[in-house]
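> The sequence isn't on hand, but the structure is:
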């Protein structure tokens, strides 16, 4: 977090500047992501002579949202600029500043679909910061060693994982696992499970018209497929894994495949990493031959609190942070996918993160979570969905029962179907 | 009574077992906090090269010193406030017989059994209304919910045990009630006050839910919340090393205090029979 | 630190019978109690009333000024808390947690108390050691045990494997068959010392002549325990159990920190907070909070009836 250092540096830089303001920014939990964010915000502070302080938020995105909701709900000015998840604009819109008057048309540079996502009732409540999609990381060296091709369906992936896992364990690494992912009961599981569902053509829980669609045989098959991994190619502990736990296992060289977001790429390829240069990226597998490659659309936006005392400055910081220059830096330093299409042709970015150019097409096909139709209730929908999934994965419920139950409880949330508030 | 040697052996075996179970986790926490880098992931009982780097990192990466100070301020504030108010109430409840006394005692006891979550929404409104959201004051105030009833109950028990001749003599001399409480009873109650404060302090020090709900910015953060938020300190390590270091820092003062005041605590516990 | 038992004796009565003096003394007593009462009313009474009021509305956390009265909808309406299967599973989890952990803590606490009550040179050391788990903050013990029980690097798994008890490391926290047990284990570890100290206090109050009479008669020690000691300390044990149960029914931070949102271990308090904070449903959340409160009240009333009888019995 380096708050102490930061503020000292900032103070030194602006000794003598009378009207320097202090802005407070929340960009995640302490860790690699926050450090990259702090680097850029520091730049801005140096340039403008103002000070930026950082408010660390919990790692778990549910907890982050809960904190922001409490904070904004109380009308507090304790945070000026905050990062918000792609599924939150609908939930937080009432407490966020409309950025249109400040942006001078900057939004036109970004992916149109995200700008649409961030526009609630005609107000641009957040600027896109980076895109996330689910990706499959794999160990190039291990697949090469056993002469196995990159799998294209989940079943092929499981077979490959199994083979390598068994062989590596026989060779002495008894900590080896085939596949790690995010199975804790939290938003990340919703993202993982949505990919399985979509890859089997099982829909996205609630369809675009707001109808609950989750209770279908394809979804059941998807969940059954995943449930079989637990305890065979994935450690049982995966049921309590978030992103960092999965990365911890994969990065220490103890897993063949990992489902994670793009940020993991740069972290795993830094000096000192046990898997540096051994990692490949591929699309997430299809659900059988009739299925499709599906990646959940994630990503984070920056927003300004309505209660900020310095909206002009906060918007300025936000526009700097979401601008092309910082996004390029972030793409290279932290492999955060830019939200500005033009940057995908930037040679420096392609050199640092070759997968970005390859992945460009998948953004258009990425599966959004049903947050647009469920708006304020998205949280509960997602909670119900991850809990039902968790029940199936942990062997506590049969997929058919869990989905029927989920169907009932979602219909109870919105008896007439979800209707978009937009 | 002479014991059979086998019995003595069994006794000492049981004692050893209880001691190992009680102490091992904390011992292992200390040992983990001294391990550096990949050594953390070996399960050796003691690091080959003990290092304080986790502690250094803890204070470098975040204002952990401030968090400690916040915790001290909140717990200390809650304890002082409780004591001030509770001594008066305890005198009345313990030494004056008046109508409604029993009901009052039961009400106060009832408050100490409040599920904290049950009043969260009401408290949240109160805290907001007083303008205390994201302020240490909010925690001092809300921690009173459990420190105050507890303090009153324990002090009532101690008040009752004071000799009544003392009170009679003082009243005969025309001493006011405050003189009586603060000049005459207070010195006698010092050990009891120490034990009560310590127990109340521990309760407030450990408080989690209110701190999680009523504060957000790092300047107002207390240690338990800070520990729960330490995550992914650097790219290559799971943050267990720093978490363990933080745990040791938070716990050692408490353990020392508790061990120093063992006798008073045990008597405080048995007087008020209190859980911390 | 939330509970206490009564070791009540009637208050010392003022010696004089003069009624005006008596009356002024009573007035003074009320004045002295007033600050404490005011504080408690403000921070406990008022919020409780507000919570009950919120529970009859559709209030949302984002904007508490706009809400509508919805009657008992949050309780018994179609989507009311009493019809929510998840609430009942949280109730079941909590009850199960309370029963198992309190039973274990009582049995183990009594055993430790008996050890502590045996005169020996190791006694002081033992008492000090036993106080350590109790002094450790809940959040720290949750983290500490999460670390020791880690499936990848946890020392417990290594030990169990070393002893040949298990082949592959167990995922104590993630595995649904184990996570509940793990939470109970950590709670028992942390709270048994408290039970032991309470029971030690009770044991020390058993008059020694009882034992001496028994020894003279040559009664076997086990029978001394079951026939003399246990009946004498039983009231204190029961009180301690009720208090622990009241605490266990409110369990929050341990579960929150160790397993977070998993339905398998969700307790009533965790459920309430989720509704209130995560879902912003102040109305519905307050309704579930009120139900939780009523459950606790039931227990408390039962307890008070019990102590009153006990006080009269003495």
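Now that the structure is in, tell me what you want to look at. In this text, all values refer to a predicted model and were calculated from it rather than measured experimentally.

> from here on, contacts and neighbour counts on C-alpha atoms
Noted.

> For chain C, what's the nearest residue on chain A?
At 4.3 Å from chain C, residue A:73 is the closest residue in chain A, using Cα to the nearest Cα.

> Look up phi and psi at that residue.
With angles defined as degrees, to the nearest 10, residue A:73 sits at phi -60, psi -30.

> That one: how many residues sit nearby?
19 (other Cα atoms under 10 Å in any protein chain shown).

> Residue B:218 too?
Every residue meeting other Cα under 10 Å relative to residue B:218 is counted, giving 21.

> ok, is the strand or helix carrying residue C:53 in contact with chain B or not?
Here residue C:53 is covered by helix C:46-54, with elements defined by DSSP states H and E. Yes. Judged by Cα under 8 Å from any Cα of the partner chain, helix C:46-54 comes into contact with chain B at C:46-51.

> can you list the residues of chain C near chain A?
Near chain A, when you scan chain C using Cα under 8 Å from any Cα, you find C:61-63, C:79, C:151-152, C:171-176, C:259-263, C:277-280.

> does chain C sit close to the helix or strand harbouring residue A:194?
Under the criterion of DSSP H and E, residue A:194 resides in helix A:187-199. No. Helix A:187-199 is not in contact with chain C by Cα under 8 Å from any Cα; minimum separation 10.1 Å.

> and that helix, what other elements does it pack with?
helix A:217-229, helix A:378-393 (3 or more Cα pairs under 8 Å, 6 or more residues apart in numbering or on different chains; DSSP states H and E).

> What segments of chain A are strands?
Along chain A, the segments classed as strands by DSSP state E run A:22-26, A:51-54, A:81-85, A:119-120, A:123-124, A:127-133, A:135-139, A:177-180, A:255-260, A:279-282, A:297-304.

> so of those strands, which one's packed in deepest?
strand A:177-180 (a mean of 28; mean count of other Cα atoms under 10 Å in any protein chain shown).

> Angles on the backbone of residue A:293, please.
Residue A:293 adopts backbone torsions of phi -80, psi 130, taken as degrees, to the nearest 10.

> who's in contact with it?
Counting by Cα atoms under 8 Å, 6 or more residues apart in numbering or on different chains, residue A:293 makes contact with A:199, A:283-287.

> how does chain C divide up, domain by domain?
Listed by automatic domain parsing, the domain ranges of chain C are C:19-46, C:89-313.

> about what we covered before: and of the helices and strands packed on helix A:187-199, who's closest to residue A:355?
Among those, the nearest to residue A:355 by Cα to Cα is helix A:217-229 (25.7 Å).

> Which other helices and strands does the closest one contact?
helix A:154-170, helix A:187-199, helix A:378-393, helix A:399-413.

> try 10 Å this time
If you count contacts as 3 or more Cα pairs under 10 Å, 6 or more residues apart in numbering or on different chains; DSSP states H and E, helix A:217-229 packs onto helix A:154-170, strand A:177-180, helix A:187-199, helix A:378-393, helix A:399-413.

> who wins for proximity to residue C:30 among the ones you listed?
Per Cα to Cα, nearest to residue C:30 of those: helix A:378-393, 48.9 Å.

> got the angle for the closest one vs helix A:187-199?
Going by axes from the mean of the first three to the mean of the last three Cα atoms, to 10 degrees, helix A:378-393 is angled at 70 degrees with respect to helix A:187-199.

> just to revisit the earlier point, with mean pLDDT and distance to residue A:369 as extra columns, can I get the helices and strands packed on helix A:217-229 in JSON lines?
Converted to JSON lines, these look like this (pLDDT from 0 to 100; distance: least, Cα to Cα, whole Å):
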{"stretch": "helix A:154-170", "mean pLDDT": "95", "distance to residue A:369": "21"}
{"stretch": "strand A:177-180", "mean pLDDT": "95", "distance to residue A:369": "22"}
{"stretch": "helix A:187-199", "mean pLDDT": "94", "distance to residue A:369": "8"}
{"stretch": "helix A:378-393", "mean pLDDT": "91", "distance to residue A:369": "9"}
{"stretch": "helix A:399-413", "mean pLDDT": "90", "distance to residue A:369": "15"}
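
> Buried deepest among these, which one?
Of these, strand A:177-180 is the most buried (mean count of other Cα under 10 Å), at a mean of 28.

> Any idea how far that one is from the middle of the chain?
Mean-position distance between strand A:177-180 and its chain equals 20 Å (Cα atoms, centre = their mean, to the nearest Å).

> Is chain B within reach of that strand?
No. Strand A:177-180 is not in contact with chain B by Cα under 10 Å from any Cα of the partner chain; minimum separation 15.9 Å.

> and what of stretch C:128-136?
Yes. Using Cα under 10 Å from any Cα, stretch C:128-136 reaches chain B at C:128-136.

> Just the buried residues of those residues.
C:128-136 (16 or more other Cα atoms under 10 Å in any protein chain shown).

> Mind checking which of the residues you listed land in strands?
Among these, no member lies in strands (by DSSP E).

> and residue B:4, how many neighbours does it have?
Residue B:4 has 9 nearby residues by other Cα under 10 Å.

> Actually, residue C:223.
Counted with other Cα under 10 Å, residue C:223 comes out at 12.

> now swap in residue A:47 and tell me
Other residues within reach of residue A:47, judged by other Cα under 10 Å, total 11.

> distance of it from residue A:29?
In this view, residue A:47 and residue A:29 are 25 Å apart by Cα to Cα, to the nearest Å.

> before we move on, back to that, surely the residue of chain A closest to chain C meets residue A:93?
No. Using Cα atoms under 10 Å, residue A:73 makes no contact with residue A:93, being 11.6 Å away.

> Of all the domains of chain C, which one comes closest to residue A:317?
Evaluated over these, closeness to residue A:317 peaks at domain C:89-313, with 28.6 Å, by Cα to Cα.

> picking up where we left off before, of the buried ones among the residues of stretch C:128-136 next to chain B, which is the nearest to chain A?
Taking Cα to the nearest Cα as the measure, chain A lies nearest residue C:136 of these, at 22.9 Å.

> So for the closest one, what's the nearest residue that isn't a sequence neighbour?
If the residues on either side of it in the chain are set aside, residue C:136 comes closest to residue B:251, at 5.7 Å by Cα to Cα, 6 or more residues apart in numbering or on different chains.

> count of residues packed around the residue of the stretch 51-200 of chain A found nearest chain B?
When distances are taken as Cα to the nearest Cα, the stretch 51-200 of chain A reaches nearest to chain B at residue A:58, 5.4 Å away. Residue A:58 has 21 neighbouring residues, counting by other Cα under 10 Å.

> now, which of the residues of chain C next to chain A lie close to chain B?
Contacts with chain B within those, as defined by Cα under 10 Å from any Cα: C:61, C:152, C:277.

> so the second one is in which element?
Per DSSP H and E, residue C:152 falls between elements, in no helix or strand.

> dump the residue contacts of it.
Residue C:152 makes contacts with A:175, A:235, A:237, A:249, B:41, C:158, C:169-171, as judged by Cα atoms under 10 Å, 6 or more residues apart in numbering or on different chains.

> Next one: it from residue B:95, what distance?
From residue C:152 to residue B:95 the distance is 59 Å (Cα to Cα).

> what about residue C:138, neighbour count?
22.

> Ok, the one 5 residues further on next?
Neighbour count for residue C:143, taken as other Cα under 10 Å: 21.

> what pLDDT does the residue nearest the centre of chain A get?
Nearest to the mean C-alpha position of chain A, by Cα atoms, centre = their mean, lies residue A:298 at 4.4 Å. pLDDT for residue A:298: 88.

> All set, thanks.
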